[in-house]
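Visitor: Sequence and computational prediction follow.
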Amino acid sequence: MKKQTMFRKRVEEVVRSIKKGETRSYGEVATAVGSPGAARAVGTVMRTNKDTSVPCHRVVAKNGIGGYNGLCGEKEALLRKEGALK
């Protein structure tokens, strides 16, 4: 398996483990997969994710919510529904 594919797989596993009502920053996910400087790469994985079993909306920017596959407002609405935002 290619290194990039292994990175993606590890990121997806970590993101799947984020419980409903919780969030992690891109940097926290990067650190959890052993690549603490790879927050932007985590963002790329999340941005290109097509697997609905990966709750990519639970991965947020350290200074705000961040994007969500180009859908304006959807990420915030999902996080509010799950109780991660008040």
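Guide: That came through, no problem.

Visitor: bridging residues for the residue nearest the centre of the chain?
Guide: Nearest to the geometric centre of the chain sits V59, at 3.2 Å (CA atoms, centre = their mean). Counting by DSSP bridges, V59 forms beta bridges with R24.

Visitor: where exactly do the helices run in this structure?
Guide: Per DSSP state H, the chain carries helices over the ranges 3-16, 26-32, 39-47, 74-82.

Visitor: Tally up the residues packed near D51, please.
Guide: Using other CB atoms under 10 Å, D51 has 10 neighbouring residues. Heads up, the C-betas are built off the backbone N, CA and C, glycines and all.

Visitor: I figured it hits V11, correct?
Guide: No. Here D51 does not reach V11: they are 11.3 Å apart, not a contact under CB atoms under 8 Å.

Visitor: if we can go back for a sec, isn't the residue nearest to the centre of the chain right up against A30?
Guide: No. Using CB under 8 Å, V59 is not in contact with A30; the gap is 10.0 Å.
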